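**Q** Show me how the following folds:
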Amino acid sequence: MTRIANPLPATFISPLVDHLSALVAAAPDAERTITNAPYTGEPLAALPVSTPADVQDAFVRARQAQARWAAVPVRERARILLRFHDLVLERQDQALDLMQAENGKTRRDAFLEVTDIAITARYYARSAAGLLAPKRRRGAIPVLTHTTELRHPKGVVTVISPWNYPLSMAAGDAIPALLAGNAVVQKPDTQTALTALWALDLMREAGLPADVWQMVVGRGSSIGDALLAGADYVMFTGSTASGRLIARGAGERLIGASLELGGKNAMVVLADADVAKAAEGAVAACFPSAGQLCVSIERLYVAEEIREEFVAAFVARTQQLKLGAAFDFSADVGSLTTAAQLETVTTHIADAVDKGATVLAGGKARPDVGPLFHEPTILADVTPEMTLFAQETFGPVVSVYSFRTESEAIALANATSYGLNASVWSRSGSHGRAVAARLHAGTVNVNEAFAAAWGSVDAPMGGMGDSGLGRRHGADGLLKYTEAQTVAHQRLQGFTPPKGIDHQQWSRILTGALKTLKAVGAR
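**A** Numbers count the residues shown, from 1 in each chain. Just a heads-up that it's a prediction; the model follows:
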């Protein structure tokens, strides 16, 4: 595994840091919190810290702004999102620098977030008017009952976004909420708040009124209650443990919540797979963003008859990956983001090795490259008593297993409380899709790792089991931010007998009508 030289200190973006920090909803004399650059460990930004009172004030302003924003025609909201789309693409170098500086990922991985947000903005800008338009529904009495489904915004949506995909998770969840006519109060993770604030800055430049989307910065233990108390709906991406707490709080308030939580995602390499392509696909499945990706693969099941060939190819390709901290496209694998995440990775690997696991590739931290770098690691002989067997590691670590039959592979892949993403490899598309349909996961990719399903933004994306509730993307990803209302207008004759007909006669007439409707195939 080769090394790429360290970059210049990330503080070169300091003028931008000052501008973005001023967008945080906090008092002018607010306490400051320092973030550090993963590549170097050097200080990166001093961000204002929002208090519970700041959060409450943000919700007051958001409610006032939301009433005006909801009155803006959907197509005008969409035009703002299309201008935002253009700005993201035009200013992408700035976003890439920010994501690398804050998160430590490679420029290649950061660029995928830029493309993701452009696709999401375009899709919802072009789809929102149709999704939100009044829909005629079949009335109770044909012709006589005029029934319409309307969609109203929830009000103010709380978005709590994580550090691992700071642009995708921040802007990607705000976009449909805003297009649906809501205001948003968002708490991005402090470590990557600058990237989220950059998106907010561009959205305002595109024409979004200032108070419609606001951001607060602070620890969940300090401002989490205020974020929940003011919300009409909550969108959260993070750990399963935190998701349970948010779901409990939302349930107490009788508001909705959408939660994308943890995963222990499986990749199944069938006996008829193209081994070379599957090995290359495994690299793309396991190590993007140094494995700090909710949909990345941590469990790899390979048919016994091709296991030796596959593992040899996978190990060889993994050992060729270049670790690096350069602000260009030269590195394959970047840094972990926090010291806590590095500790989790090293602890999980050490526990596995102590209990008999075999390291096939990697296995070590790389402080010679940067303080939080770790080699992409492949393990074999992993058994249930090892921590990483069932627990999410969220790092560049994958365990390889074998199977004899497809039924066994499916059972092994499904033997988890999680159900976020999965991957199936086969030379036959129909065969791969048939196996995919039997996996307990919200998204399953055939001959791809995760990008195919994630990038299909017209289709819903989310988790089963401990991986969460609700869906982002597709119609669900926008309509979840709305309240459905049915308006039924009864004309001429209702359900009570007309004058001159008693209830017994009326019941016979209605009975005959119901039988006729069934006979003619009416729904």
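**Q** what about stretch 267-278, how long is it end to end?
**A** End-to-end span of stretch 267-278 (Cα to Cα, to the nearest Å): 10 Å.
**Q** For it, give me every contacting residue.
**A** Contacts to stretch 267-278, defined as Cβ atoms under 8 Å, 6 or more residues apart in numbering, come from residues 281-282, 285, 297, 299-303, 305-306, 309-310, 313, 406, 409-410, 413, 422-428, 431-432, 435, 439, 447, 449. Just so you know, the C-beta spots here come from the backbone N, C-alpha and C atoms, and that holds for glycine as well.
**Q** Give me the buried entries from those.
**A** With burial judged by 16 or more other Cβ atoms under 10 Å, the buried subset of the contacts of stretch 267-278 is 281-282, 285, 297, 299-303, 306, 310, 313, 406, 409-410, 413, 422-426, 431-432, 435, 439, 447, 449.
**Q** Among the contacts of stretch 267-278, name the ones in helices.
**A** 281-282, 285, 305-306, 309-310, 313, 406, 409-410, 413, 431-432, 435 (DSSP state H).
**Q** For residue 5, report the pLDDT, please.
**A** The score at residue 5 is 46. That number is its pLDDT.
**Q** same deal with the one 3 residues further on?
**A** Turning to residue 8, the model gives it a pLDDT of 48.
**Q** And for residue 499?
**A** If you check residue 499, the pLDDT there is 89.
**Q** from memory residue 409 sits against residue 301, does it?
**A** Yes. Judged on Cβ atoms under 8 Å, residue 409 makes contact with residue 301 at a distance of 5.1 Å.
**Q** Overlap of the contact sets of the two?
**A** Shared contacts of residue 409 and residue 301 (Cβ under 8 Å, 6+ apart): 268, 403.
**Q** which stretches of the protein have low pLDDT?
**A** The chain contains residues with pLDDT under 70 at 1-13.
**Q** Tell me which residue lies nearest the centroid of it.
**A** Most central residue of the chain, judged by C-alpha distance to the mean C-alpha position with Cα atoms, centre = their mean, is residue 169 at 5.5 Å.
**Q** tell me the secondary structure for residue 400?
**A** Put simply, residue 400 is strand when judged by DSSP: H, G, I helix; E, B strand; the rest coil.
**Q** Please name the nearest non-neighbouring residue to it.
**A** Leaving aside its sequence neighbours, residue 400 sits nearest to residue 300 (Cβ to Cβ, 6 or more residues apart in numbering; 4.8 Å).
**Q** hang on, the one you found packs against residue 403?
**A** No. Using Cβ under 8 Å, residue 300 makes no contact with residue 403, being 10.8 Å away.
**Q** I'd like the next helix or strand past the lengthiest helix in the chain.
**A** When the chain is parsed with DSSP H, its longest helix is helix 107-132. Next helix or strand after helix 107-132 toward the C-terminus (DSSP states H and E): strand 135-137.
**Q** what's that following strand in contact with?
**A** Outside strand 135-137, the residues within contact range by Cβ under 8 Å, 6+ apart are 147, 148, 149, 486.
**Q** Just the ones of the residues you listed in strands?
**A** By the criterion of DSSP state E, membership of the contacts of strand 135-137 in strands covers 147, 148, 149, 486.
**Q** what about the helices in the stretch 51-200 of the chain?
**A** Secondary structure of the stretch 51-200 of the chain (DSSP state H, counting those that start in this stretch): helices located at 52-70, 74-90, 92-103, 107-132, 168-179, 193-206.
**Q** okay, those helices, which one's buried deepest?
**A** Here the criterion is mean neighbour count by mean count of other Cβ atoms under 10 Å, and of the helices of the stretch 51-200 of the chain the winner is helix 168-179, at a mean of 27.
**Q** how many degrees apart are that one and helix 52-70 in direction?
**A** Using axes from the mean of the first three to the mean of the last three Cα atoms, to 10 degrees, the interaxial angle of helix 168-179 with respect to helix 52-70 works out to 50 degrees.
**Q** how far is helix 168-179 from where the chain is centred?
**A** Taking Cα atoms, centre = their mean, to the nearest Å, the mean C-alpha location of helix 168-179 is offset from the chain mean by 10 Å.
**Q** Which neighbouring elements make contact with the longest helix of the chain?
**A** Where contact means 3 or more Cβ pairs under 8 Å, 6 or more residues apart in numbering; DSSP states H and E, helix 107-132 is packed against helix 74-90, helix 92-103, helix 168-179, helix 451-455, helix 474-479.
**Q** and the longest one, what does it pack onto?
**A** By that I understand helix 74-90. By contact count (3+ Cβ pairs under 8 Å, 6+ apart), the secondary structure elements abutting helix 74-90 are helix 107-132, helix 168-179, helix 193-206.
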